[in-house]
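Participant: A predicted structure for the sequence below; I have some questions about it.
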Amino acid sequence: MFEDFKKAYNLLTDEEVKNFRGGPVDEVNKIVKGNYPSLILCADEDESVSPSTNTMLFEKMIKERNGKITVIHKPGFKHHPHSLPDPTPIVDFIMSAINVSK
């Protein structure tokens, strides 16, 4: 998975990876300016992506700029599965984001 990331961004060395600036946290101003609604499912016990240095940081930065973000915490979950046992909140978010009523 990490090798796929490096390949996708043409990063060859650990130093290039360390200095990479193209993730969502680096693009917060553009995301808020674009008025993009964001939904994140955050597995509180994620062993692959630390919630405190990723989701929670991104959420804080978006909110500081009055951007739109919804974070659904999944207590007791690890990185997988990516969805929820009941995907209704995800569907509701998408329908609301595209202004479709049920």
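Facilitator: Ah, there it is.

Participant: if I look at the spatially most central residue of the chain, how far off is G67?
Facilitator: The chain has I40 as the residue nearest its centroid, 5.0 Å off, counting by CA atoms, centre = their mean. With distances taken as CB to CB, to the nearest Å, I40 is found 12 Å from G67. Using the backbone N, CA and C atoms, a C-beta is placed for each residue, glycine as well.

Participant: doesn't I72 make contact with the residue nearest to the centre of the chain?
Facilitator: Yes - counting by CB atoms under 8 Å, I72 is a contact partner of I40 at 7.3 Å.

Participant: mind listing the strands for this structure?
Facilitator: Here the chain has its strands, by DSSP state E, at 38-43, 69-74.

Participant: among those, which is the most enclosed?
Facilitator: strand 38-43 (a mean of 18; mean count of other CB atoms under 10 Å).

Participant: Just checking: what are the partner strands of that one?
Facilitator: Strands that pair with strand 38-43, judged by DSSP bridges, come out as strand 69-74 (parallel).

Participant: gap between the residue nearest to the centre of the chain and E16?
Facilitator: Distance of I40 to E16, computed by CB to CB: 26 Å.

Participant: any weak-confidence spans in this structure?
Facilitator: The chain contains residues with pLDDT under 70 at 1, 100-102.

Participant: Helices of that one, residue ranges please.
Facilitator: All helices of the chain, identified by DSSP state H, fall at 2-8, 14-18, 28-33, 55-64, 88-97.

Participant: Which elements pack onto the last one?
Facilitator: Same thing as helix 88-97. strand 38-43, strand 69-74 (3 or more CB pairs under 8 Å, 6 or more residues apart in numbering; DSSP states H and E).

Participant: Figure out which of those is closest to D26.
Facilitator: strand 38-43 (14.7 Å; CB to CB).
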